[in-house]
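Asks: mind folding the following:
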Amino acid sequence: MAALEEVQEQLAGLRLARRCAPRDEPAYLLDIAASAAAQPGGSRLVGVCCSSESLRVHDGETLRCLRQYRGHRGALHGVRFARTRHSLVFSACSRGTVGCWDVRSASQEPVQVFTGYPSNVFISFDVSCSDLIVCAGTEKVEKDAFLVFWDARGVTDCAGAAKEPLGVYSESHNDDITKICFHPTEPNLVVSGSTDGLVNVFDINKDNEDDALVSTCNSESSVSSLGWAGEGYKQIYCVTHDEGFCWWDTAQLDTEEPITLLHVLDVRESVCAENHGLHYLVGGLYHEKAGKLFLIGGTSTGNIHLIGCSTHGLSLVGTLSGGHSATVRSFCWSPTDEALLTGGEDAQLLLWKPGAVERSLTKKASLKISSSVQKRVRVHNTSLKSRKK
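Replies: I've put the predicted structure just below:
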């Protein structure tokens with residue numbers, strides 16, 4: 001309990017340490033990822049997926065932009081670093097490819113391109129914890145929505161080299177596959193979420209899709225974010241496009257105990273975020289030291305709310321203010337230095353640390369960008385379709 005209280009105080013005590021202001025071409029910051037380890041003689045790398053169809057790589061301590069890639073010619077969805085080769089960064093493209101770049105090279109060309117099938121429009125992806133498998137999720141085309149898999153071994157130094165898929169799963173979702181997340185320690189386990197409301201867990205070591213489908217949970221809404229939590233990461237949580245929250249324990253699958261730990265239809269109505277309100281959820285993070293799941297949400301004016309999860313309900317832990325001036329779209333938690341990175345519609349990348357004092361003199365009021373000139377991500381249909389067993 002003492003450890004939990006300490007962690008909650010630490011999260012509530014996060015303060016703005018660094019601010020990376022908008023560049024010449026302001027853009028929404030849609031996803032953030034950090035490398036698992038620091039570069040030789042330097043700090044960790046931070047990858048940022050932008051609405052301007054560019055992928056940026058920053059120094060994790062100074063937030064200085066080190067690289068910017070624009071080779072996809074399509075909307076980018078997500079950013080991930082390889083776990084074992086920390087210089088490799090991935091992003092999926094709506095044009096049906098997943099690119100992999102080596103940040104040590106000044107070349108704009110990816111060192112590997114994972115190509116999908118002609119009709120594929122990728123809107124989600126992830127890389128397994130072993131770096132062996134890449135998986136991407138597609139928008140629904142006609143009656144099909146696919147999980148597409150590739151063998152990621154042997155990333156080549158031949159710029160632009162293409163890899164074709166190992167295969168697909170096509171029967172388990174019947175609408176856009178909005179999120180994919182591999183298990184943090186079990187490379188054969190992956191969870192997917194869709195606008196059909198389903199959250200599916202697969203064991204990709206199995207021979208076919210039917211056998212691979214370990215469990216199906218229904219969020220009863222459209223899935224916007226999901227992840228793994230709990231001791232041994234046996235729990236799954238998801239956030240929905242209408243600000244709902246679901247939390248399941250897969251360890252209870254073979255028992256008489258209920259699998260659902262908590263289901264909140266609208267978090268905005270259940271969490272009293274002081275006088276600031278709660279307008280949306282961004283996603284969740286599992287804090288290993290505390291053994292506790294937290295949600296990240298916020299307001300349209302840029303305040304960030306940290307929300308604690310328990311089987312009894314949700315509670316506000318703290319509010320981070322004075323940083324963003326518009327909706328926050330993305331975040332990344334670094335357990336090593338206990339820091340939080342956030343990105344938003346004001347085009348800012350911010351670094352929050354316990355008890356920090358901001359080193360930048362930039363005024364945030366001038367950093368808000370006009371949403372009318374920015375390409376918004378697709379608003380997904382939240383209507384549900386029944387799945388026939």
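
Asks: which stretches of this structure form helices?
Replies: Using DSSP state H, the helices found in the chain span residues 2-12, 209-212, 267-270.

Asks: and the strands in the stretch 51-200 of the chain, which stretches?
Replies: 55-59, 65-69, 76-81, 88-93, 97-102, 112-115, 122-127, 133-138, 147-151, 162-163, 167-169, 177-182, 189-194, 198-203 (DSSP state E, counting those that start in this stretch).

Asks: and the shortest one, average pLDDT?
Replies: For strand 162-163, the mean per-residue pLDDT is 84.

Asks: what residues does that strand touch?
Replies: By C-beta atoms under 8 Å, 6 or more residues apart in numbering, the residues outside strand 162-163 that reach it are 112, 113, 114, 115, 150, 151. Using the backbone N, CA and C atoms, a C-beta is placed for each residue, glycine as well.

Asks: how much space separates the residue of the chain most remote from its centre from residue 236?
Replies: Distance to the chain centre peaks in the chain at residue 256, reaching 32.3 Å (criterion: C-alpha atoms, centre = their mean). Distance, residue 256 to residue 236, by C-beta to C-beta, to the nearest Å: 20 Å.

Asks: check residue 108 too.
Replies: 37 Å.

Asks: same check, this time on residue 116
Replies: For residue 116 relative to residue 236 (C-beta to C-beta), the value is 26 Å.

Asks: looking at the two, which is more packed in?
Replies: Neighbour count, other C-beta atoms under 10 Å: between residue 116 and residue 236, residue 236 has more, with 26 against 22.

Asks: now do the contacts for the more buried one.
Replies: Contacts of residue 236 by C-beta under 8 Å, 6+ apart are 191, 199, 201, 217, 226, 227, 228, 229, 247, 248, 250.

Asks: one more time with 7 Å
Replies: 191, 199, 201, 217, 226, 228, 248, 250 (C-beta atoms under 7 Å, 6 or more residues apart in numbering).

Asks: please name the bridge partners of it.
Replies: Listed by DSSP bridges, the beta-bridge partners for residue 236 are residue 228, residue 248.

Asks: I'd like to know how far it sits from residue 315.
Replies: Distance, residue 236 to residue 315, by C-beta to C-beta: 21 Å.

Asks: low-confidence ranges in the stretch 101-250 of the chain?
Replies: Per-residue confidence for the stretch 101-250 of the chain (pLDDT under 70) gives these ranges: 156-161.

Asks: about what we covered before: mind putting the contacts of strand 162-163 in CSV, distance to residue 47 and neighbour count included?
Replies: Formatted as CSV, the contacts of strand 162-163 follow (distance: C-beta to C-beta, whole Å; neighbours: other C-beta atoms under 10 Å):
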residue, distance to residue 47, neighbour count
112, 16, 24
113, 17, 18
114, 17, 27
115, 21, 16
150, 19, 22
151, 22, 13
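
Asks: pull the contacting residues for the residue farthest from the centre of the chain.
Replies: Contacts of residue 256 (C-beta under 7 Å, 6+ apart): none.

Asks: what about residue 87, how many residues nearby?
Replies: Residue 87: 17 neighbours (other C-beta under 10 Å).

Asks: just to check, it is in contact with residue 104?
Replies: Yes. Assessed by C-beta atoms under 7 Å, residue 87 is found in contact with residue 104 at 4.9 Å.

Asks: show me where pLDDT drops low in the stretch 251-389 of the chain?
Replies: Within the stretch 251-389 of the chain, the stretches with pLDDT under 70 are 272-276, 358-389.

Asks: need the strands for it, in chain order.
Replies: Going by DSSP E, counting those that start in this stretch, the stretch 251-389 of the chain shows strands at 260-264, 280-287, 292-298, 304-310, 313-320, 328-334, 339-344, 349-354.

Asks: out of those strands, which is closest to residue 62?
Replies: With C-beta to C-beta, the closest approach to residue 62 among the strands of the stretch 251-389 of the chain belongs to strand 349-354: 9.1 Å.

Asks: which residues touch the closest one?
Replies: Under C-beta under 7 Å, 6+ apart, the answer for strand 349-354 is 10, 13-20, 29, 48, 58, 63, 320, 323-324, 338-343.

Asks: can you say which of those residues are buried?
Replies: By the neighbour-count criterion of 16 or more other C-beta atoms under 10 Å, the contacts of strand 349-354 include these buried positions: 10, 14, 16-20, 29, 48, 58, 63, 320, 323-324, 338-343.
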